[in-house]
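Participant: let me see the structure of the following:
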Amino acid sequence: MSPIPRRTVLRGTAAALAMGVGAGVAACARPGDRIPVALATGGPQGVYRRVGDALAGLWAAELGLDTRVVGSEGSVDNVGMLVSGQAQVAFCAADVAVDGAVDGARPRFGLRALARVHDDAIQVVVPAESPVRTLADLAGRRVSVGARNSGVLVIAPRLLTTVGLNPARDMTAVMLGLGESVAALERGEIDAFFWSGGVPTAGVERLVGARPVRLLDLAAPTAVLRARYPVYDLTTVPARTYGLPDPVTVTSVRNVLLVTADMPDARAEALTRVLLEGRERLSAADAAGRAIDPRTAIGTQPVPLHPGAVAAYRGLKGL
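Facilitator: Residues are numbered from 1 along each chain as shown. The predicted structure follows:
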């Protein structure tokens, strides 16, 4: 996916603000104030948690903020915590962020992005010896379609619909998180599971040590999916990942770092600046951290940037 030029994004955001999109944003606060920051992440075996732990540490060290990491079931859960005020910042898949709703209720303040952090690969994992070769082959099987409040549970039914399958009708669908899905596949209790995460995902890597796996090729279903949901794209899982002999084409979705529009500009600017300046430490925490680069981090579309984040990108040198 080609990044949209930084100047183009900044011009578009500035125009939106001039039209009043940023109206109602609270007055600027000091970047180093002591208001706590809770960062909603994900499950213990996922990328959100590892990058989130490192990011919270950066914010605490560089800004003197009282930060804490909150575990969750995934993107939908994270938006819910933003809406309720349990979290001030959250990792979220762009498809969920675009929907911007929890149980049909819109947040009081609109959702805004600080940065695009990494892209998730939607991985449909089956045992290496399984006869399942395509999504259509999942008919009649036992399949984990993601935890109850996860982004996986948003994308899995959408993908299955492209091949005419309804998870409630055409298979034995269960809602399990990554750790539970890995354990269930290893024990032979399910035939496949959906997962949306960075590549490689540590939980899937650990599974390979006990039971070799394959990933389903999702090129054709994604082409159908994109006609209705342009937020999705294609990516390639390289050969040798999880012991795969060949590369596999799968669906991808951007991940963004979300806040609400009422976050003070100064705080959003400080959080974004430290995120971008500390990307080497984030890369050390997880390989997905290497994707955090100012030239691509600004590409949060279709989720609008927070005006404080716009200021942070404008202040960067050498771009």
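
Participant: residues in contact with the closest residue to residue 159 other than its chain neighbours?
Facilitator: Spatially, and ignoring its direct neighbours in sequence, residue 159 is nearest to residue 221 (5.4 Å; Cβ to Cβ, 6 or more residues apart in numbering). Where C-beta positions appear, they are placed from N, C-alpha and C, glycine not excepted. Residue 221 makes contact with 135, 159, 162-163, 251, according to Cβ atoms under 8 Å, 6 or more residues apart in numbering.

Participant: report the two of the residues you listed separated the most.
Facilitator: Of all pairs drawn from these, the widest gap by Cβ to Cβ lies between 163 and 251 and measures 13.0 Å.

Participant: show me the domain layout of the chain.
Facilitator: Here the domain parsing of the chain from automatic domain parsing is 6-117+256-315, 120-253.

Participant: reformat those domains as a markdown table; add mean pLDDT.
Facilitator: A markdown table is the format used below for the domains of the chain (pLDDT from 0 to 100):
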| stretch | mean pLDDT |
| --- | --- |
| domain 6-117+256-315 | 79 |
| domain 120-253 | 96 |
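
Participant: quick check: phi and psi on the nearest residue to residue 139 once chain neighbours are set aside?
Facilitator: Nearest residue to residue 139, sequence neighbours excluded (Cβ to Cβ, 6+ apart): residue 170, at 5.1 Å. Residue 170 has phi and psi values of phi -100, psi 0 when expressed as degrees, to the nearest 10.

Participant: swap in residue 92?
Facilitator: When read as degrees, to the nearest 10, the backbone of residue 92 gives phi -160, psi 140.

Participant: okay, it and residue 41: tell me how far apart.
Facilitator: 10 Å (Cβ to Cβ, to the nearest Å).

Participant: how about residue 57?
Facilitator: Distance from residue 57 to residue 41, by Cβ to Cβ: 13 Å.

Participant: same drill for those two, tell me which one is more crowded.
Facilitator: Neighbour totals were compared for residue 57 and residue 41, and residue 41 leads with 27 against 16 (other Cβ atoms under 10 Å).

Participant: now for the more buried one: which residues touch it?
Facilitator: Contacts of residue 41 by Cβ under 8 Å, 6+ apart are 48-49, 51-53, 69-72, 78, 90-91.

Participant: got JSON lines for those, with neighbour count too?
Facilitator: Below are those laid out as JSON lines (neighbours: other Cβ atoms under 10 Å):
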{"residue": "48", "neighbour count": "32"}
{"residue": "49", "neighbour count": "21"}
{"residue": "51", "neighbour count": "28"}
{"residue": "52", "neighbour count": "28"}
{"residue": "53", "neighbour count": "16"}
{"residue": "69", "neighbour count": "20"}
{"residue": "70", "neighbour count": "19"}
{"residue": "71", "neighbour count": "14"}
{"residue": "72", "neighbour count": "28"}
{"residue": "78", "neighbour count": "31"}
{"residue": "90", "neighbour count": "30"}
{"residue": "91", "neighbour count": "28"}
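
Participant: dump these to JSON lines, plus distance to residue 128 and secondary structure.
Facilitator: Formatted as JSON lines, the contacts of residue 41 follow (distance: Cβ to Cβ, whole Å; DSSP: H, G, I helix; E, B strand; the rest coil):
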{"residue": "48", "distance to residue 128": "27", "secondary structure": "helix"}
{"residue": "49", "distance to residue 128": "27", "secondary structure": "helix"}
{"residue": "51", "distance to residue 128": "29", "secondary structure": "helix"}
{"residue": "52", "distance to residue 128": "32", "secondary structure": "helix"}
{"residue": "53", "distance to residue 128": "32", "secondary structure": "helix"}
{"residue": "69", "distance to residue 128": "34", "secondary structure": "strand"}
{"residue": "70", "distance to residue 128": "36", "secondary structure": "strand"}
{"residue": "71", "distance to residue 128": "31", "secondary structure": "coil"}
{"residue": "72", "distance to residue 128": "31", "secondary structure": "coil"}
{"residue": "78", "distance to residue 128": "33", "secondary structure": "helix"}
{"residue": "90", "distance to residue 128": "35", "secondary structure": "strand"}
{"residue": "91", "distance to residue 128": "31", "secondary structure": "strand"}
